[in-house]
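Chemist: Okay, structure incoming, though there's no sequence with it:
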């Protein structure tokens, strides 16, 4: 850079990055009044590079505008939906809560794309947060008008987590009085004109921190390869995030993502998508399964889970940590499934799975269901290698129908395997 360039030429709160004559990167900042300066070097994109990367689009809910080009952080789009209309290969999404209508919605374009979050990025099926809370006169219960009079299916409070650090699951109750008697609960009036909430700690909700969610999909439904990185999905329909309505050639890849608070189905749901890869992803507090895979419309998913965690699926008997159906196949490596009301791992029908270094525990921890197993296999052929289970209210391992289980190098002993029907246990030395 020329030696005459100095921070005094910048406005307060601005920065510029230059390449020096010796080839080093140098960033000049001006911060007269405490204005925040971006610390993430990936966000430090010089103004002069706008438009150089024709396959990349930038989205910033808080500072962008959909009339912008989207080709730099300084000229970012406001919503992911608008960014997708440009048909580019990669979309960077700056931190923030992206509401219904601002996320990817149902992506149907036959265009491969990667959507990557920077910082804490949330995609939610909420139309807007709630503000202007007032006391009801009932114990620690507050009320406000929702964004509209639609029927809501869940509540997400951005500042509250459960004991495992996952988004807090608020219980829906049937009256204001019942909500007053139960912390961590919510109620919507008949006609939808008011929402009532009793926070987990009894406090008044902060404005714009509580998001009522609707049953609206956030999904990959395209004949394309879609990768999502570093984004948490809240609410949704069919799954907090789902892949479906595609072909055997399509692929869903999720990395460093979370899938939470789906009110009626799964966290990460894959149906007629050809293949799925999930790496370092987490599901929690969904009604049914954490990770769910189904054959549909003649398309059979083949999947991989690596370093994934499936926690606290809620449905009695059917809320599994990870489950495989029909002719699907999966390879699981270094995964954990704990505190689910169904089975930790449930692979059924004609599915096949290889499970290496898997840890499961405390299935059925609330309702003590006798079928809440650590592992449950039926149908075809399965491998359980160097794996562990404990403290389930069902069996440590159950195999049934025509299943064959190959057991190798695990803490699970032969007498811990419940064998039913014509199932076969094979011990591998």
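Modeler: Cool, got the structure. As the structure is a prediction and not an experimental result, all values here were calculated from the model.
Chemist: Below-threshold pLDDT in the chain: ranges please.
Modeler: Across the chain, the ranges flagged by pLDDT under 70 are 1-53.
Chemist: run the last query once more with 80
Modeler: 1-54, 149, 379, 410-415, 429 (pLDDT under 80).
Chemist: Grab the nearest non-local neighbour of the spatially most central residue of it.
Modeler: Compute the mean C-alpha point of the chain, and by Cα atoms, centre = their mean the closest residue is residue 259, 2.0 Å away. Excluding the flanking residues, the one nearest residue 259 by Cβ to Cβ, 6 or more residues apart in numbering is residue 267, at 3.5 Å. Backbone N, C-alpha and C define where each C-beta goes, glycine included.
Chemist: Just checking: what are the partner strands of whichever strand or helix holds the one you found?
Modeler: Applying DSSP states H and E as the criterion places residue 267 in strand 266-270. When pairing is defined by DSSP bridges, strand 266-270 lines up against strand 239-243 (parallel), strand 291-293 (parallel).
Chemist: Output those strands as CSV; include the columns mean neighbour count and distance to residue 192.
Modeler: Supplementary listing: those in CSV, determined by neighbours: other Cβ atoms under 10 Å; distance: least, Cβ to Cβ, whole Å:
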stretch, mean neighbour count, distance to residue 192
strand 239-243, 30, 23
strand 291-293, 29, 30
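Chemist: Using TSV, please lay out the ones you listed together with distance to residue 384.
Modeler: What follows is the strands paired with strand 266-270, written out as TSV (distance: least, Cβ to Cβ, whole Å):
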stretch	distance to residue 384
strand 239-243	26
strand 291-293	17
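Chemist: what's the helix or strand for the nearest residue to residue 369 once chain neighbours are set aside?
Modeler: Leaving aside its chain neighbours, residue 369 sits nearest to residue 317 (5.5 Å; criterion: Cβ to Cβ, 6+ apart). Assigning secondary structure by DSSP H and E places residue 317 outside every helix and strand.
Chemist: correct me, but residue 317 touches residue 342?
Modeler: Yes. The criterion here is Cβ atoms under 8 Å, and residue 317 meets it with residue 342 at 5.5 Å.
Chemist: Show me the common contact partners of the two, please.
Modeler: Residues touching both residue 317 and residue 342 (Cβ atoms under 8 Å, 6 or more residues apart in numbering) are 369, 371-372.
Chemist: rewinding a little: report all helices and strands that the helix or strand that contains the residue nearest to the centre of the chain contacts.
Modeler: Element membership for residue 259 (DSSP H and E) is strand 258-260. Here strand 258-260 touches strand 232-234, strand 239-243, strand 266-270, strand 282-284, going by 3 or more Cβ pairs under 8 Å, 6 or more residues apart in numbering; DSSP states H and E.
Chemist: List the strands paired with the last one, with their directions.
Modeler: The strands that strand 282-284 pairs with in its sheet are strand 258-260 (parallel), strand 309-311 (parallel) (by DSSP bridges).
Chemist: Which among those is found nearest to residue 164?
Modeler: Closest of the strands paired with strand 282-284 to residue 164 is strand 309-311, at 5.8 Å (criterion: Cβ to Cβ).
Chemist: Buried residues, that closest one. List them.
Modeler: For strand 309-311, the neighbour count (16 or more other Cβ atoms under 10 Å) marks 309-311 as buried.
Chemist: beta partners for residue 400?
Modeler: Residue 400 forms beta bridges with residue 378, as assigned by DSSP bridges.
Chemist: what residues are up against it?
Modeler: Contacts of residue 400 by Cβ under 8 Å, 6+ apart are 376-378, 419-421, 423.
Chemist: Need those in JSON lines (columns: secondary structure and distance to residue 186).
Modeler: As requested, those are exported to JSON lines (DSSP: H, G, I helix; E, B strand; the rest coil; distance: Cβ to Cβ, whole Å):
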{"residue": "376", "secondary structure": "strand", "distance to residue 186": "34"}
{"residue": "377", "secondary structure": "strand", "distance to residue 186": "38"}
{"residue": "378", "secondary structure": "strand", "distance to residue 186": "38"}
{"residue": "419", "secondary structure": "strand", "distance to residue 186": "45"}
{"residue": "420", "secondary structure": "coil", "distance to residue 186": "42"}
{"residue": "421", "secondary structure": "coil", "distance to residue 186": "44"}
{"residue": "423", "secondary structure": "coil", "distance to residue 186": "44"}
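Chemist: follow-up on the earlier one: of residue 317 and residue 342, who's got more company?
Modeler: residue 342 (27 against 15; other Cβ atoms under 10 Å).
Chemist: In this structure that one contacts residue 365, no?
Modeler: No. Between residue 342 and residue 365 there is no contact under Cβ under 8 Å: 11.3 Å.
Chemist: could the strands paired with strand 282-284 go into a markdown table alongside distance to residue 65?
Modeler: Putting those into a markdown table (distance: least, Cβ to Cβ, whole Å) gives the following:
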| stretch | distance to residue 65 |
| --- | --- |
| strand 258-260 | 28 |
| strand 309-311 | 37 |
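Chemist: Go through the ones you listed and name the closest to residue 185.
Modeler: Nearest of the strands paired with strand 282-284 (Cβ to Cβ): strand 258-260, 17.9 Å.
Chemist: from what I can see residue 154 touches residue 212, true?
Modeler: Yes. Using Cβ under 8 Å, residue 154 is in contact with residue 212, at 7.3 Å.
Chemist: now the helices: where do they sit in the chain?
Modeler: Using DSSP state H, the helices found in the chain span residues 80-84, 176-180.
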